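In: fold the following and give me the result.
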Amino acid sequence: MTSQSQYQEAKICLLGDMGVGKSSLVGRFVHDKFDTSLTTTLGASFMSKTVSINDKTYRFQIWDTAGQERYRSLLPMYYRNAAAAIVVYDITNQATFNVLRDWIRELQKLGPPNIVLAIAGNKSDLTENREISTEEGKGFAEEIGAVFSETSALTATNVAELFVEIGKRLPTEAPPTLRTSQASHTVTLNKTSKGGHSCCSQN
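Out: Purely as a prediction, here's the structure:
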């Protein structure tokens, strides 16, 4: 990693109900670890990672927001100026899927225009307890023009690939910024997941 390399900054917010695994997804992506001792996020937490996608370098500023109702009024200040938002649900919990439309409506009303949207059905390792089918999740994402993926923070399935698909949708006209942070983590990601199959769908 060279301190003089350039990148384009992109703010990404994770939204969704409490318990869907937002913090675990961020931890898996940034540190490639699954932490069983994570506690409930209060307000929001921040991590960053520098990623190379298709010969372009991004520094993802990732905001993991709290899912509790009492923090909802604070969320607009976290997704303000966000380049992308990942709305997460738990594939084993129908209620977390039912509120996706409310999260999207809020983003469309209060978020920045042209924000890249992604829908992540997390906990795909618990498929035997599934309450939402892949087709149902994918259909909702297609309806709103969002990236879709079923992920597992536990097994790392499709987590990195989800961020690749988001990166491919980000606008390319923003000027690169000189990287000064030494705390970011650098990784080069390919277009497809292991085995050559893309995890995500795009319109």
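In: tell me the contacts of residue 99?
Out: The contact partners of residue 99, taken as C-beta atoms under 8 Å, 6 or more residues apart in numbering, are residue 17. Every C-beta, even on glycine, is put in place using the N, C-alpha and C of the backbone.
In: can you map out the helices along the protein?
Out: All helices of the chain, identified by DSSP state H, fall at 22-31, 76-79, 94-98, 100-110, 134-144, 159-169.
In: tell me which residue is most central in this protein.
Out: By C-alpha atoms, centre = their mean, the mean C-alpha position of the chain lies nearest to residue 86, the distance being 4.0 Å.
In: would you confirm that residue 15 contacts residue 110?
Out: No. Using C-beta atoms under 8 Å, residue 15 makes no contact with residue 110, being 11.5 Å away.
In: find residues that contact each of these two.
Out: residue 79.
In: the more surrounded of those two?
Out: Between residue 15 and residue 110, residue 15 has the larger neighbour count (other C-beta atoms under 10 Å), namely 26 against 12.
In: low-confidence ranges in this structure?
Out: Where the chain drops to pLDDT under 70, the residues are 1-5, 36-45, 66-78, 173-203.
In: again, only using 50
Out: 1-4, 39-43, 67-68, 70-71, 175-203 (pLDDT under 50).
In: can you show me the strands along it?
Out: In the chain, the segments counted as strands under DSSP state E are 6-15, 44-53, 56-65, 84-90, 116-122, 147-150, 177-178, 185-188.
In: hey, what's the angle from the fourth one to helix 100-110? Just curious.
Out: On the basis of axes from the mean of the first three to the mean of the last three C-alpha atoms, to 10 degrees, strand 84-90 is oriented at 160 degrees to helix 100-110.
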